[in-house]
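Trainee: A structural model of the following input is requested.
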Amino acid sequence: MIDEDTGKRLDAAVEAGFDEQVAFTGDLVRLPSLRGQEATAQDFIARALAARGFAVDRWQIRNEDIRDLPGYSPKLDGYDDAWVSVGTLRSSAPGGRSLIINGHIDVVPEGPHDMWSTPPFEPVVKDGWMHGRGAGDMKAGWVCGLFALDAIRRAGFRPASDITIEAVIEEECTGNGALACRQRGYHADAALIPEPMGHGLLRSQVGVMWFQCHVRGHPVHVSRAGSGANAIEAAWRLVGALHTLEERWNAAGHERYAGMTHPLNFNVGRIEGGDWASSVPAWCRFDMRVGVFPGTDLARARGDIEECIAMAAGSDAFLANNPPQVVWDGFQAEGYVLEEGSDAEAVIAESHRDVFGEELQSHALTGTTDARFFGLYAGIPALVYGPLAENIHGFDERVNLDSCRQVTRAIARFIADWCGLESL
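Mentor: Coordinates of the predicted model:
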C-alpha cells in the first residue's frame, strides 16, 4: 500500500501531464493502424518509448516463429509488414514485483465515412469525449499505461522492479502479436491490459473462432433459375442452420455467464458471391465469427460446426454432392477466466477504490482480449482494466477523457504499489 502523500504526488503528476496525454492519444488515433497498415503507428510508439529511456525492441511477426505455440491462430495471408514494439525499463536492484503493460494498437475497419459524425481518423474532442476509430479500442487505454509511468517519473520516482510495455497488433483477428511477445521471452509477475472496461475488471471472456465457408452452385440463365443451384441462397440456409447450433450452445450455459441470456454470438461478418445479376450464382463465401464458453475444447467445437454445415448441406440436392468447404482462418482463441484471489487483483482493487471511491466491479465479457496469452499459456495473472468507451467497432467510436484521467491515476497507484518505488 502506498502512503497518502505518495498518492497525492502521483495524482498531481497525472494532472500535470494530462493535456500532453490527450494530445498524444490524438496523434496515435490519427494514424490509421488497420491490419497491414500498423507500421507507421509502431514507428511513432517506438520513438516515444526511446525518448523516455526505454530499451526498445521492434520486430516483425513471423508465422514460423509462433505457429507451433499454444494459442496460435492461423492467418493465411501472412505477415509481410506486421510489427510489434516493446519497451523495457530495467531496475538496477529489483525490489518489487515485475509488470507487463500490454495493449493493442491495431484497429478494425471504419466503414463508410459518410456514416460518421466526424472523420474516423481525425480525433475530435466534444463534450469531454475523444471521437475516432481506435480511440476507445484501445489506443487511449494504452496511452493511460504509458502516461502513468510518465507521472511516476514526474513525481520524482521510478519503479523498483522491471517494467515492460507492449504495443501489439493482431488483437482484433488472431492475437498473434501478444503471442509473439511471449515467444520473444517477455515475462513478469503480472500483466495489465487497459482495454475499455468502463472502470471494471474483466473476470471472464469467451473464446472466439473465425472461419470461412465456401459454397458452390450451378449457374444457369435466370430465366431457367429452377434448373440451377443458387450458391448465395444456399449459403444463407447454412447460416440458418449455424444459428440453430448457436442457440444450443447458449442453452448449455456456463456459470460465469449465468445472468446473460445470449452470451455466445455467431456473426456473419462478411459475405460475397456471384458474378452477374442475370445468372444464378455459382459461388458464395461467407466469413463467420463464433463464440464459445471458457473451457470449451476448440477442436470439438470446430467439429460441431463442420458437422452442422455438412448436415445442412446434405438436405440440399446440389450441395449433397458438392459439399461446402470450411477454412479456419483467424481467431482460434480459447476463453479465459481470471480466478479470484490473486495479489495483483487485490492491488488493482485498492488502487481503484482510492481513486474512484467505490469497490471495483468485475464483468464477464462476451468478446475476447489478449489476456489469455498471459493467464492460460504463461501463468501470469492478467488484469484487464481500463477507461470508459462507447461505440467500439461501430460508427462514432469515442472514449471519455475524464475516465482516462482517473484510470491513469489508478494505474499509476497500481504500479507504485505492485512494483514499488525508488526516488530518482
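Trainee: now the spatially closest residue to Gln332 that is not a sequence neighbour: how far from Ile66?
Mentor: Beyond its immediate neighbours in the sequence, the residue positioned closest to Gln332 (C-beta to C-beta, 6 or more residues apart in numbering) is Ser73, lying 4.5 Å away. For the C-beta atoms, the positions are set from N, CA and C on the backbone; glycine is no exception. According to C-beta to C-beta, to the nearest Å, Ser73 and Ile66 sit 10 Å apart.
Trainee: overlap in contacts, those two.
Mentor: Shared contacts of Ser73 and Ile66 (C-beta atoms under 8 Å, 6 or more residues apart in numbering): Asn176.
Trainee: now the top helix by length along the chain: buried residues?
Mentor: Longest helix of the chain, by residue count under DSSP state H: helix 231-252. For helix 231-252, the neighbour count (16 or more other C-beta atoms under 10 Å) marks 231-235, 237-239, 241-242, 245-246, 249-250 as buried.
Trainee: now stretch 100-117
Mentor: In stretch 100-117, counting by 16+ other C-beta under 10 Å, buried: 100-108, 110, 116.
Trainee: in CSV, list the C-alpha atoms belonging to that stretch.
Mentor: The C-alpha coordinates for stretch 100-117 follow below in CSV (Å, rounded to 0.1, in the frame of the first residue of the first chain):
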residue,chain,number,x,y,z
ILE,A,100,3.9,-6.0,-18.2
ILE,A,101,1.5,-3.4,-19.6
ASN,A,102,0.1,-4.7,-22.8
GLY,A,103,-2.2,-3.1,-25.3
HIS,A,104,-3.0,-3.4,-29.0
ILE,A,105,-2.8,-0.5,-31.5
ASP,A,106,-4.5,-2.3,-34.4
VAL,A,107,-8.0,-1.2,-35.2
VAL,A,108,-10.9,-2.6,-37.1
PRO,A,109,-12.1,-1.1,-40.5
GLU,A,110,-14.0,2.1,-40.2
GLY,A,111,-16.8,1.5,-42.7
PRO,A,112,-18.4,4.3,-44.8
HIS,A,113,-17.0,7.6,-43.7
ASP,A,114,-20.3,9.4,-44.5
MET,A,115,-21.9,7.5,-41.7
TRP,A,116,-19.6,9.0,-39.1
SER,A,117,-20.4,12.3,-37.4
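Trainee: can you list the strands that the helix or strand containing Leu192 pairs with?
Mentor: Using DSSP states H and E, Leu192 sits in strand 190-193. Sheet pairing for strand 190-193, assigned by DSSP bridges, gives strand 99-104 (parallel), strand 382-384 (parallel).
Trainee: turn these into CSV, including distance to Arg52 and mean pLDDT.
Mentor: Shown next, in CSV, are the strands paired with strand 190-193 (distance: least, C-beta to C-beta, whole Å; pLDDT from 0 to 100):
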stretch, distance to Arg52, mean pLDDT
strand 99-104, 13, 98
strand 382-384, 23, 98
